[in-house]
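Q: Task: produce atomic coordinates for the following.
(2 chains)
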Amino acid sequence: EAGVVQSPRYKIIEKKQPVAFWCNPISGHNTLYWYLQNLGQGPELLIRYENEEAVDDSQLPKDRFSAERLKGVDSTLKIQPAELGDSAVYLCASSLGPDRGETQYFGPGTRLLVL
Amino acid sequence: GENVEQHPSTLSVQEGDSAVIKCTYSDSASNYFPWYKQELGKGPQLIIDIRSNVGEKKDQRIAVTLNKTAKHFSLHITETQPEDSAVYFCAASISSGSARQLTFGSGTQLTVLP
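A: Numbering: from 1, shown residues only, chains lettered A, B, ... in the order given. Predicted coordinates:
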């Protein structure tokens, strides 16, 4: 079974530029998560989707971050404009969903460097 | 909200020895405690989890213990091998409506010396 797929794996941009990350969850997983992982820290939740609905986006900095999950499968996380402090690893995870399975499976992440 | 503290931040052991990583959590409502292993350049991978109605769980060389009264839980790895070298994260979770929200510790870099 294919795992969570993320692209790109690495991204280097200059500050104030836009950037987008893409995630394809495990087939059949209804719940999708975006996490931020700073160097030497554990992942921190940015947003959680149940199908195409964002049910928890309280930690998402909405002035510059946006996300979407059209058709309830793939998801895109966007930053515009990027700041130096956004340099981190952006992880996507998925789980079967409510009452079906709560184990979260993580993708390899996108490593962002903002110069 | 939930706060999870993890110790130690780094741990070096000789191959074949045991390794223990400890975590404490703040919210007594937390009822699910997974442990993840993260290798360099990869995402976290679940290695074992425990629920609040169980005090201990074991899977081959890995075991987890939970003390709900003290609000702490621990990961035990026996007969360590070089391939166990990685960063380990504990997490605590509270059911939030229809799904779980994980709060992670800050990680432990485990190095197994051959």
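Q: What score does the spatially most central residue of chain A have for pLDDT?
A: Nearest to the geometric centre of chain A sits residue A:34, at 3.0 Å (C-alpha atoms, centre = their mean). We have a pLDDT of 97 for residue A:34.
Q: again with residue B:98
A: 54.
Q: Was I right to think residue A:52 contacts residue A:75?
A: No. Between residue A:52 and residue A:75 there is no contact under C-beta atoms under 8 Å: 9.3 Å. Heads up, the C-betas are built off the backbone N, CA and C, glycines and all.
Q: Of those two, which one has the most company?
A: For residue A:52 versus residue A:75, neighbours defined as other C-beta atoms under 10 Å in any protein chain shown are more numerous around residue A:75 (24 against 14).
Q: Tell me which residues touch that one, please.
A: By C-beta atoms under 8 Å, 6 or more residues apart in numbering or on different chains, the residues touching residue A:75 are A:22, A:23, A:25, A:32, A:34, A:49, A:67, A:68, A:69, A:92.
Q: rerun that using 6 Å as the cut-off
A: Counting by C-beta atoms under 6 Å, 6 or more residues apart in numbering or on different chains, residue A:75 touches A:23, A:32, A:69.
Q: Which pLDDT value does the model give the nearest residue to it once chain neighbours are set aside?
A: In space, and not counting its chain neighbours, residue A:75 is closest to residue A:69: 4.2 Å by C-beta to C-beta, 6 or more residues apart in numbering or on different chains. Looking at residue A:69, its pLDDT reads 95.
Q: Please list all residues in contact with residue A:69.
A: Taking C-beta under 6 Å, 6+ apart, we find residue A:69 in contact with A:49, A:52, A:75.
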